[in-house]
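>>> Fold the following for me, if possible:
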Amino acid sequence: MIRLLRLAAVLLCVPLAGSAQQVETGFLNRTVEVNGARYLYQVYVPAGYSVDQAWPVILYLHGVGERGTDGLRQTLIGLPAAIRTAAARYPAIVVMPQVPPDSNWIGAPGDAAMAALDRTLAEFRTDRERVYLTGLSMGGNGAWNLAYRFPERFAALVAVCGFVSSASPAVPGSRPAVPVDGDDAFATLAGRLGSLPVWIAHGEIDPVVPVSESRRAAEALRTAGGNVRYVEYPGVGHGVWEPTYASPQLVEWLFAQRRSR
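This next block holds a predicted model:
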């Protein structure tokens, strides 16, 4: 599978016609160094990329099953898979960092994700008012954490089957998305995010991350006067990222958001 992904990445990297300088598109290999550690990540550049316009950017955080050091496994499921299925649906530059084995997004890997985002913003012609954050499962936990730490950096957040208040048994060593645990975590998060537009998706019968995590996050945001949309999929388990990232309603909502801070 990894060999096929490498071949696909090479085939998708084509120069823009008529450009004075060749610009690769498709899934591109990149690296970033943070505190002496080297992290591999991928950047997806749409086939129609041109410096004549400023492009929205999506920072995507993968789940526990895609951890590694190959810089590719994180493109197997979730948003990257949705892009491979219907690339036209996502006319954006997408940053896809990877968490090392036996780790999670809280701490150094989260810092590396932000460093990869900053490198991408500098490398390509981007719209800094339309930088979006999303993650699934463990990546949903990481997305909540980065939104809590840097709410002013993002125009919108899409949290897919993520957890906020407690560690997940499916992710050894995982931690709450905010510095406090229990009920206070949701209120603290909501107060920090303020009016940041948030789309939350979860499967009703998720056996890995309790649906109560997303329900409570949505309720806390509503109570605090936040801008939140909550979608719960009846009869769906943990793999709720497939219908979420394939949703035309989500795509339309996401790209309509602009940073207001």
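
>>> Check which residues of stretch 85-94 are buried.
Within stretch 85-94, the residues that qualify as buried by neighbour count (16 or more other Cβ atoms under 10 Å) are 89-90, 92-94. The C-beta positions use only the backbone N, C-alpha and C, and glycine is treated the same way.

>>> cool, and stretch 155-171?
For stretch 155-171, by 16+ other Cβ under 10 Å, it's 155-168, 170-171.

>>> do the same with stretch 220-234
220-221, 224, 226-228, 230-233.

>>> so which of the residues you listed comes closest to R130?
Of all these, R130 sits closest to N227, with 15.7 Å by Cβ to Cβ.

>>> what residues are up against the nearest residue to the closest one once chain neighbours are set aside?
Among residues not flanking N227 along the chain, P197 sits closest, at 4.6 Å (Cβ to Cβ, 6 or more residues apart in numbering). By Cβ atoms under 8 Å, 6 or more residues apart in numbering, the residues touching P197 are 155-157, 227-228, 253, 257.

>>> And P197, its phi and psi?
The phi and psi values for P197, taken as degrees, to the nearest 10, are phi -60, psi 130.

>>> any idea how far R258 is from it?
P197 sits 9 Å away from R258, going by Cβ to Cβ, to the nearest Å.

>>> what is in contact with the two at once?
Shared contacts of P197 and R258 (Cβ under 8 Å, 6+ apart): A155.

>>> Going by contacts, tell me the helices and strands next to the helix or strand harbouring T244.
Per DSSP states H and E: T244 is located in helix 241-245. In terms of contacts (3 or more Cβ pairs under 8 Å, 6 or more residues apart in numbering; DSSP states H and E), helix 241-245 is packed against helix 79-85, strand 156-160.

>>> Report the mean per-residue pLDDT for the following helix or strand past the first one.
If you walk from helix 79-85 toward the C-terminus, the next helix or strand you reach (DSSP H and E) is strand 93-97. Looking at strand 93-97 alone, the average pLDDT works out to 98.

>>> Pull up the pairing partners for strand 93-97, direction included.
strand 37-45 (antiparallel), strand 55-61 (parallel) (DSSP bridges).

>>> between the ones you listed, which gets nearest to A116?
It is, among the strands paired with strand 93-97 and with distance given as Cβ to Cβ, strand 37-45, at 4.5 Å.
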